[in-house]
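>>> I'd like to go over a predicted model; first the sequence, then the structure.
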Amino acid sequence: MPNEIAYTADYMHNRELSWLKFNERVLQEANRNETPLLEKLKYISIFTSNLDEFFMVRVGTLTDYALFDNNYRDNKTGMDAPEQLDEIFRAVAPLYTLREQAYSSVIESLEHHDIHLLDINSLDFDELRTLKKYFTQNIMPLLSPQIIGSRHPFPHLANKQMHIAVKLESKKGFLFGLVAVPAEMDRLINLEGGGHRFVLLEDLILYFAGYIFSIYKVMERNIIAVTRNADINTEEDLLDEDIDYRMHMKNILKTRQRLSPVRLELTNPASPQLLAFLCDKLSLDSQRMFYSGAPLDLSFCYLIDRHIDNETVGSIIWSVHHPAEPVPSDKKANMMKYALSGKDILLSYPFESMSPLLSLIRQAAENTSVISIKITLYRIDVQSKLAESLILAAENGKEVIVLMELRARFDEKNNIEWAQRLEEAGCRVIYGPVGYKVHSKVCLITRREFGKIQYITQIGTGNYNEKTAKLYTDLSLITANQELGRDAAVFFSNLLIGNLKGEYHHLWVSPGNLKSSVLKCIDEERRKSVNGEKGNIIIKCNSLTDKEIIEKLAEASCDGVKISMIVRGICCLVPQVAEATENISVISIVGRFLEHSRVFCFGTGAERKIYISSADLMTRNTERRVEVACPVFDPDLKDRISGMLETMLRDNTHAWEEVSDDRYVLRRPPGTDLVINSQELFTQEARLNAIRAEVSNSSVNKQNSNKGLFMINRALISVRKLFGRR
């Protein structure tokens, strides 16, 4: 066959199966002794919501391929869509068992803190009588039970909404009924009697199913939830250039709730009759049915702390994390001047606060010398201070251009609403080009003073979202480098005219030159190694799936280049494979904070090149999205980022190391060796640096200030010894 694809499965892995391994690592956080109890429950909830999204998106996509595209094959393993689905379903079933075990263990341990999630069947007569009264007064009026028959057709089951399914006995045989669990009600129902005792809303409705369907005998009852395909085609019907794109997206979103089911979950084994009925009505086969001994929705874990006393809560959650303020208060009060001082600023979230960037944009909105603010927005907070500053800037007569990406999956509604608000306030809002999501994180402030144009540019690895900046690790560079500013200005000009192949002096921008630049840098390290020099590559990203990049890394490995990779999630490259990837190491860090920053480092010493980027090394990012990678020029910041990468590579607390048979092994410090928790070390360093910066800028009591600086510097030296940094 002339167009036959060469599959190299010996050192490549299927992306879907790799993702399932990542989600298993998330679940394993619930089994760690050092994880606080309620946080363990939250990890199980995160695992569950991750799996839900996986079925909605990836299984949904593969299901479409299986139905409509017989030519589709995974370009790394050669599996077609049905083969991948079979492997997925086989891999998922054991994960349900692991989740049930983790959940049971956490619930049992919570009882030692007098927190009880109870089985209703274990309650005594008086408690059941109290619950029945509560049910009849507060829950029953909100229910709309339905039997299924010729006059009562099978209803639409909303995505992931729990329902009680019952098999009923009547005079004419048996029939089936359904009742939806109200999504707007608190899932936790308090019981009196000392301690913190709860039952779940769905368990209560299940228990009183006989009362709901009172004219029938309930022969069987079960809690079920349907997962629907969420892979909507946002480009459909977009041939008309005059179409209102925002309205188009609103209409497209309505279709998501009606897409086909891809999974059915049940909390108990069901009879053949009930299973056959549900499978028939939902058009699902038995492969897509999964039993769960844990609740189908664990989001109630985020409500527990509202129901219990502060003392109990404090013992079972992490202490509150307060990001350090990296910029002294006097400088933050004039961020415009500080940003223009000539020294680049690097913010490291969530160890450091996002507030300096928010202050900069707020001050730019009010500064008379600022002409314009241009920004790309992919995901922002529902209550966004940054967006409010953009509105203020527009109201103050400045040109504000916002590239708002309406196709950010599951954030479409929020982005549509903000786009409308920004436009109504006078901002010029544009949307990403057809077929290409704009995922880059770029903000450009343009000012004119004494007739001279100056740029302040911010480029980051993560979204402009105040909430996630406290949860995700990301890097944010603020620079007055005018060459980078001119590149950013060209970038926005290209977005405005739809030019995806623009030329830049320093920035790497996909789909134009980002991928080719990465490949070129890998080749440069190969040439060094072939010529007897030291070739070295460190890459940190969330996912690695791009086959061409994987092949190029394998070639570099064969030529002796040392390649260290920190890949949190999907990694389709299998390391340590002889004569292919034996010089490549891969770790995945799963800790308290979500590792989200992307960093590409090529070479060593003063000549090394370091780029921070919005792009993962996935084909969708390198070829089908607008992404930006920005060079870091400041030598001190390059040292800082290199030190962070080296620390993460030495992490032996939250790092999982991938081995040649594609397993991940949790690193543990042997014997009395040093315990390295990179996220905790970064937290300590950020706090010490913030104190040092504030003290060194204080003019009060110079003698005490110097003494304080001496003590802080000693503490920083101790922390950096752990980092292996100078």
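Arrived safely, thanks for sending. Numbers count the residues shown, from 1 in each chain.

>>> Quickly list the domain ranges of this protein.
In terms of domains, the chain is parsed into 11-113+304-318, 119-237+260-284, 329-506, 512-669, 677-726 (source: automatic domain parsing).

>>> Kindly provide the whole-number mean pLDDT of the shortest one.
What it means is domain 677-726. For domain 677-726, the per-residue pLDDT values average out at 69.

>>> quick one: which helix or strand includes residue 509?
If you go by DSSP states H and E, residue 509 is part of strand 508-510.

>>> now what about whichever helix or strand comes after that strand, what contacts it?
Next helix or strand after strand 508-510 toward the C-terminus (DSSP H and E): helix 514-530. The set of residues that contact helix 514-530 without belonging to it, under C-beta atoms under 8 Å, 6 or more residues apart in numbering, is 508, 534-537, 546, 548-549, 552-553, 555-556, 559-561, 600, 602-603, 609, 613, 615, 617, 622-623, 627-629. Every C-beta, even on glycine, is put in place using the N, C-alpha and C of the backbone.

>>> Would you mind writing the CA trace of the lengthiest strand in the chain as CSV?
Once the chain is assigned using DSSP state E, the strand that runs over the most residues is strand 217-228. Below are the C-alpha coordinates for strand 217-228, written out as CSV (Å, rounded to 0.1, in the frame of the first residue of the first chain):
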residue,chain,number,x,y,z
LYS,A,217,-44.6,-3.7,43.9
VAL,A,218,-41.0,-2.7,43.5
MET,A,219,-39.1,-5.8,42.5
GLU,A,220,-35.8,-4.1,41.8
ARG,A,221,-34.2,-0.7,42.2
ASN,A,222,-30.9,0.9,41.1
ILE,A,223,-29.2,4.2,40.8
ILE,A,224,-28.0,4.9,37.3
ALA,A,225,-26.3,7.6,35.3
VAL,A,226,-25.8,8.0,31.6
THR,A,227,-22.7,9.6,30.1
ARG,A,228,-23.2,11.3,26.7
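
>>> got the buried residues for that strand?
Of the residues in strand 217-228, those buried by neighbour count under the rule 16 or more other C-beta atoms under 10 Å are 218, 220-228.

>>> Residue 498: which of those residues is nearest?
Proximity of the buried residues of strand 217-228 to residue 498 was ranked by C-beta to C-beta; the top entry is residue 228 with 33.5 Å.

>>> contacting residues around that closest one?
The neighbourhood of residue 228, defined by C-beta under 8 Å, 6+ apart, consists of 56, 60, 159-160, 256-262.

>>> pLDDT on the strand holding residue 509, on average?
Here the mean pLDDT over strand 508-510 is 98, rounded to a whole number.

>>> Redo the buried residues of strand 217-228 as JSON lines? Include distance to residue 277 and pLDDT.
Written out in JSON lines, the entries for the buried residues of strand 217-228 read as follows (distance: C-beta to C-beta, whole Å; pLDDT from 0 to 100):
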{"residue": "218", "distance to residue 277": "15", "pLDDT": "95"}
{"residue": "220", "distance to residue 277": "11", "pLDDT": "96"}
{"residue": "221", "distance to residue 277": "14", "pLDDT": "97"}
{"residue": "222", "distance to residue 277": "11", "pLDDT": "97"}
{"residue": "223", "distance to residue 277": "16", "pLDDT": "98"}
{"residue": "224", "distance to residue 277": "11", "pLDDT": "98"}
{"residue": "225", "distance to residue 277": "16", "pLDDT": "98"}
{"residue": "226", "distance to residue 277": "14", "pLDDT": "97"}
{"residue": "227", "distance to residue 277": "18", "pLDDT": "97"}
{"residue": "228", "distance to residue 277": "19", "pLDDT": "95"}
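
>>> Greatest separation within the residues you listed: which pair is it?
Using C-beta to C-beta for every pair in these, the one that comes out farthest apart is 218 and 228, at 27.5 Å.

>>> Wait, a strand at residue 61?
No: when classified by DSSP: H, G, I helix; E, B strand; the rest coil, residue 61 is found to be helix rather than part of a strand.

>>> ok, it - contacts?
residue 231.

>>> Any figure for the gap between it and residue 125?
52 Å (C-beta to C-beta, to the nearest Å).

>>> about what we covered before: would you show me how to pick out the buried ones of the contacts of helix 514-530 in PyMOL?
To isolate the buried subset of these in PyMOL, counting by 16+ other C-beta under 10 Å, use the following:
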select buried, resi 508+535+536+537+546+548+549+552+553+556+559+560+561+600+602+603+613+615+617+622+627+628+629
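
>>> what's the nearest residue to residue 553 if we skip its chain neighbours?
Counting by C-beta to C-beta, 6 or more residues apart in numbering, the nearest residue to residue 553 once its immediate chain neighbours are dropped is residue 563, at 5.9 Å.

>>> bridging residues for the one you found?
Going by DSSP bridges, residue 563 is paired in beta bridges with residue 537, residue 584.

>>> pretty sure it is touching residue 539, no?
Yes: at 7.5 Å, residue 563 and residue 539 qualify as touching, with contact defined as C-beta atoms under 8 Å.

>>> hang on, the earlier thing: top of the contacts of residue 228 by number of neighbours, please.
Each of those was scored for neighbours by other C-beta atoms under 10 Å, and residue 262 scores highest at 26 neighbours.

>>> what's near enough to touch it?
With contact set as C-beta under 8 Å, 6+ apart, residue 262 has these partners: 55-56, 59-60, 63, 227-229, 284, 288.

>>> Okay, it and residue 229: tell me how far apart.
5 Å.

>>> Need the residues touching each of those two.
56, 59-60, 63.

>>> mind giving me TSV with those residues and columns for pLDDT and distance to residue 592?
Compiled in TSV, the shared contacts of residue 262 and residue 229 are given as follows (pLDDT from 0 to 100; distance: C-beta to C-beta, whole Å):
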residue	pLDDT	distance to residue 592
56	96	26
59	96	29
60	95	31
63	95	35
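
>>> Report the distance from stretch 665-683 to the chain centre.
Averaging C-alpha coordinates over stretch 665-683 and over its chain gives two centres that are 24 Å apart (C-alpha atoms, centre = their mean, to the nearest Å).

>>> mind saving the C-alpha coords of that stretch as CSV?
This file holds the C-alpha atoms of stretch 665-683, laid out as CSV (Å, rounded to 0.1, in the frame of the first residue of the first chain):
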residue,chain,number,x,y,z
VAL,A,665,6.6,3.4,39.6
LEU,A,666,6.3,5.8,42.5
ARG,A,667,9.7,7.1,43.5
ARG,A,668,10.5,6.7,47.2
PRO,A,669,13.6,7.9,48.9
PRO,A,670,15.7,4.8,50.0
GLY,A,671,16.7,4.5,53.6
THR,A,672,17.6,7.9,55.1
ASP,A,673,18.1,9.7,51.8
LEU,A,674,16.8,13.2,51.4
VAL,A,675,13.1,13.5,50.9
ILE,A,676,12.4,16.0,48.1
ASN,A,677,8.9,17.3,47.5
SER,A,678,9.3,19.9,44.7
GLN,A,679,6.0,21.6,45.2
GLU,A,680,6.7,22.1,49.0
LEU,A,681,10.2,23.4,48.3
PHE,A,682,8.9,25.9,45.8
THR,A,683,6.3,27.0,48.3
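
>>> Share the number of residues neighbouring residue 612, please.
The burial count for residue 612: 26, using other C-beta under 10 Å.

>>> Ignore what I typed, I meant residue 254.
By the criterion of other C-beta under 10 Å, residue 254 has 9 neighbours.

>>> next SSE after the helix or strand encompassing it?
Taking DSSP H and E as the definition, one finds residue 254 inside helix 245-256. Helices and strands here follow DSSP H and E; after helix 245-256, the next one along the chain is strand 261-266.

>>> May I have the strands that pair with that next one, each with its orientation?
By DSSP bridges, strand 261-266 pairs with strand 217-228 (antiparallel), strand 289-291 (parallel).

>>> Of all the residues in the last one, which ones are buried?
Of the residues in strand 289-291, those buried by neighbour count under the rule 16+ other C-beta under 10 Å are 289-290.

>>> Outside of that strand itself, which residues are in contact with it?
The set of residues that contact strand 289-291 without belonging to it, under C-beta under 8 Å, 6+ apart, is 92-93, 96, 263-269, 275, 279.
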